[in-house]
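>>> fold the following, please.
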Amino acid sequence: MSQSEKLVVIGGNAAGLSAASYLKRRKPEIEVVVFEKSPHASYGSCGLPYYIEGLVKDPLDLIAVPIGALREKRGLDVRVLHEVVDIHTQKKQVTVKDIQGDKVFELSYDWLVVSTGASPIIPPFARVYIEGVFTLRNLEDGIKVGRFIKEESPKRVAVIGGGYIGMEVAEAFSVRGFQVTLIEKLPRVLPNFDAELSEKVQEKLEEKDIKLMLGSGVKSIEGDGVVKSVITETEIVETDLVLLGVGIKPEVVTAKNAGIELGETGAIKVNDRMETNISRAYACGDCAEAYHRILKRNVWIPLGDTANKQGRIAGANIAGEEISFPGIIGSAATKVFEMELARTGLGEEEARREGFDVATTLIESSTRAHYYPEKKPIIIKLIAEKRTGRLIGAQAVGGEGVAKRIDVLATAIWAKMSLDDVAWLDLTYVPPVAPVWDPVLVAAQVGMKSV
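Okay, the predicted model is just below:
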C-alpha cells in the first residue's frame, strides 16, 4: 500500500469501526474515512432496552468510544450525519450527502467497506405516521422513546412482535410499571427456540401480568395524531405507546444499486475474507451474510459479536494479513425477567427442515448442588445426528447459569464433538455454581441412549 491510499467505510458502528480501527492500527499511513448517517457512532444498540428499563440512566452511556476519541486516539476521520447515497465501483467513488449542511459531494477511495447494518421492518399497518409509534434499532430511536415517555407519561404499551427485542422491551416497560400487551402473529413467542423452551417464557410473561395475544395479526394502528389503539384480528387493544419489534432486514439498497451481489438471504454475499464480488469492496456486519458451519452455506443471522468479528476480518485482509472468517453456529442469549435463555447450532424444528435425521434430549436439572440455598431450575435440550451422535444444536432456559452451559455446548458443536465426547467433559464443580453432575453432562449422558 502507498501512503496515498484511502479506505472509505459506510456505517459507523460495530462492524465498520472494527474494520477501520484494525486497519489503522496495522497501517497507520492509510487514510480512513467513516461515514455514518445517524447522529451517533460506536454505540451498543443491544443496551437500548436497558435504557428504557432505567438500568442505563443516560442513552449516551451506551456510546463505547466517543467520536472525539475515534478521531484523536484512533486516527479515524469519522463523519456523522453523512449518508452515502451512491457507490461508483468503476470509478471507486462514493456520493455522500452531508445531512446537516444539506450538500452533496464525491469522494474517491482505494478500498471500500460496506457496513450499513440492518433496518427495522415497518409493516403496512404502521406506515401511516402517528405519534407514539416507535422502533428500537439505533440510539436515536431510544432517545425518542425516552423523550416520549417523559413528556407524554403513557400508561399502556403495546409491543408488536415476540422475538428478542419484543421480549426485552416487554420486560423493560413492565418493570417501569406500564400495562403491557404483547402481540405476536405466530402461535408462540421466540419462534427461533423450540416450543418446550418458548412455552416457559410465555409462562414467565403471564406470571408478570403481561397480556399475551398470540396467533393474532395486527390490522391497523389507530389514533388522531397520537396513537390510541391497535386493531388486531381478534380484538382492539387500547394503548398510549406502540413499540414495533416485528423484525429487521439487511440495509443493502445502495450496495445492490452499485452492482454488489446479494446472496439468497437478501444480505450481501461475501467470502471468508469478507470480500464481495467487486474488487477491493468488502462487506461485514448486519448487512452481510455469514458462513454457517453446520449448514455449510451462507446464512443471515445478524448479531453484534458476529459484526465485530467480521469487521476485524475485513480490516485484517485490507491490511494484507490473509485471514479467513471461520463462520458461525448461531449462538445467542437473552433474558426475560429472572429467566435466562440461550441457544446454539440448530433447533429441532430447524434441523428437521434442513433434512437432518436427529434425536433430541430434554432434561430438567438444577444449577447448584441439591442442598445449596437458592438453587434454580434449568432445562437443557440437545439435538444430535442419529447416525453419528454428533451434537448439532442445544437450547436452555433457567434461572441462572444458562449462558455458561450453552457456551460449553457451543464449543462442543464448533469442535464437532459427539454426545459421548460431551458426556465426559471435565467441567468445574463446586456446590454454589453446579451440582456434581453438571446439567450439561446429564443431558449428554441421557442423549447417548437415543442415538
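>>> alpha carbons only for contacts and neighbour counts from here, please
OK.
>>> just say helix, strand or coil for G177.
Following DSSP: H, G, I helix; E, B strand; the rest coil, G177 is assigned to coil.
>>> how about the strands in the stretch 251-400 of the chain?
Listed from the start of the chain, the stretch 251-400 of the chain has strands (DSSP state E, counting those that start in this stretch) covering 281-283, 290-292, 297-299, 332-336, 339-345, 358-366, 377-385, 391-398.
>>> could those go into CSV alongside mean pLDDT, mean neighbour count and distance to T265?
Converted to CSV, those look like this (pLDDT from 0 to 100; neighbours: other C-alpha atoms under 10 Å; distance: least, C-alpha to C-alpha, whole Å):
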stretch, mean pLDDT, mean neighbour count, distance to T265
strand 281-283, 98, 29, 15
strand 290-292, 98, 23, 10
strand 297-299, 98, 18, 6
strand 332-336, 96, 18, 19
strand 339-345, 97, 24, 18
strand 358-366, 97, 19, 25
strand 377-385, 98, 24, 25
strand 391-398, 98, 29, 21
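>>> the closest residue to A288 other than its chain neighbours and E251: what is the separation?
Closest residue in space to A288, ignoring its immediate chain neighbours: I268 at 4.5 Å, by C-alpha to C-alpha, 6 or more residues apart in numbering. With distances taken as C-alpha to C-alpha, to the nearest Å, I268 is found 9 Å from E251.
>>> buried residues in stretch 92-110?
If you call a residue buried by 16 or more other C-alpha atoms under 10 Å, then stretch 92-110 has these buried ones: K92, Q93, V94, T95, V96, K97, D98, S108, Y109, D110.
>>> in stretch 405-419, which residues are buried?
R405, I406, D407, L409, A410, A412, I413, W414, M417, S418, L419.
>>> hmm, who's touching that stretch?
293, 329, 331, 342-345, 384, 388-396, 422, 439-440, 444-445, 447-448 (C-alpha atoms under 8 Å, 6 or more residues apart in numbering).
>>> on that earlier part again, who touches both of I268 and E251?
Common contacts of I268 and E251 (C-alpha under 8 Å, 6+ apart): C287.
>>> okay, those two: which has more neighbours?
Comparing I268 with E251 by other C-alpha atoms under 10 Å, the one with more neighbours is I268, at 31 against 21.
>>> counting neighbours, what do you get for R353?
By the measure other C-alpha under 10 Å, the count of residues near R353 is 10.
>>> and what of P373?
As a burial measure, P373 scores 10 neighbours (other C-alpha under 10 Å).
>>> how close does M448 sit to L419?
Taken as C-alpha to C-alpha, the span from M448 to L419 is 6 Å.
>>> same deal with V230?
Per C-alpha to C-alpha, V230 is found 47 Å from L419.
>>> on that earlier part again, who touches both of M448 and L419?
Common contacts of M448 and L419 (C-alpha under 8 Å, 6+ apart): G389.
>>> so who does G217 touch?
Shown in contact with G217 (C-alpha under 8 Å, 6+ apart): I183, E184, K185, T232, E233.
>>> and what of A283?
Contacts of A283 (C-alpha under 8 Å, 6+ apart): V113, V114, S115, I268, V270, M274, E275, T276, A314.
>>> which ones are touching W300?
W300 makes contact with T265, A267, D286, A288, E289, A290 under the criterion C-alpha under 8 Å, 6+ apart.
>>> mind doing that once more with 10 Å?
Contacts for W300 (C-alpha atoms under 10 Å, 6 or more residues apart in numbering) come out as 249-250, 263-269, 285-292, 330.
>>> what values do phi and psi take at it?
Torsion angles at W300 (phi, psi; degrees, to the nearest 10) stand at phi -120, psi 100.
>>> just want the most central residue of the chain.
Residue closest to the average C-alpha location in the chain (C-alpha atoms, centre = their mean): L303, at 3.4 Å.
>>> neighbours of the nearest residue to that residue once chain neighbours are set aside, just the number please.
The spatial neighbour of L303 that comes closest, neighbours along the chain excluded (C-alpha to C-alpha, 6+ apart), is D286 at 7.0 Å. Using other C-alpha under 10 Å, D286 has 29 neighbouring residues.
>>> what's the pLDDT at D286?
You'll see D286 listed with a pLDDT of 98.
>>> tell me the contacts of it?
Counting by C-alpha under 10 Å, 6+ apart, D286 touches 14-15, 115-119, 248-252, 267-268, 300-304, 306-307, 310.
>>> mind running it again at 7 Å?
D286 makes contacts with G117, A118, P250, P302, L303, A307, as judged by C-alpha atoms under 7 Å, 6 or more residues apart in numbering.
>>> for the third one, give me the pLDDT.
Put plainly, it is P250. 98.
>>> wait, it sits on A118?
Yes: counting by C-alpha atoms under 7 Å, P250 touches A118, with 4.2 Å between them.
>>> what residues do these two have in common as contacts?
Listed as contacting both P250 and A118 by C-alpha under 7 Å, 6+ apart are D286, C287.
>>> coming back round to it: now for the contacts of A283: which two are most distant?
Greatest spatial distance in those: I268 and A314, 13.9 Å, computed using C-alpha to C-alpha.
>>> so how far is V226 from L244?
Using C-alpha to C-alpha, L244 is found at 15 Å from V226.
>>> comparing those two, which residue is more hemmed in?
More crowded of L244 and V226, by other C-alpha under 10 Å: L244, with 25 against 14.
>>> quickly list what the more buried one is bridged to.
With DSSP bridges as the criterion, L244 is bridged to I160.
>>> thought it was touching R127?
No: in this structure, L244 is not within contact of R127 by C-alpha under 7 Å, at 11.4 Å.
>>> and the buried residues of stretch 405-419, which is closest to V157?
Distances from V157 to the buried residues of stretch 405-419, taken by C-alpha to C-alpha, are shortest for I406, at 32.7 Å.
>>> quick check: the gap between that closest one and T334.
With distances taken as C-alpha to C-alpha, I406 is found 12 Å from T334.
>>> one step back: ChimeraX command to pick out the buried ones of the contacts of W300?
Only the buried entries of these go into this ChimeraX selection, using 16+ other C-alpha under 10 Å:
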select :249,250,266,267,268,269,285,286,287,288,289,290,291,292,330
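>>> check which helix or strand A20 maps to.
When elements are assigned from DSSP states H and E, A20 belongs to helix 14-26.
>>> buried ones in that helix, by neighbour count?
Of all the residues in helix 14-26, those buried under the rule 16+ other C-alpha under 10 Å are A14, A15, G16, L17, S18, A19, A20, S21, Y22, L23, K24.
>>> turn these into CSV, including pLDDT and distance to E131.
Output for the buried residues of helix 14-26, formatted as CSV (pLDDT from 0 to 100; distance: C-alpha to C-alpha, whole Å):
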residue, pLDDT, distance to E131
A14, 94, 30
A15, 98, 32
G16, 98, 32
L17, 98, 33
S18, 98, 36
A19, 98, 37
A20, 98, 37
S21, 98, 39
Y22, 98, 41
L23, 98, 43
K24, 97, 43
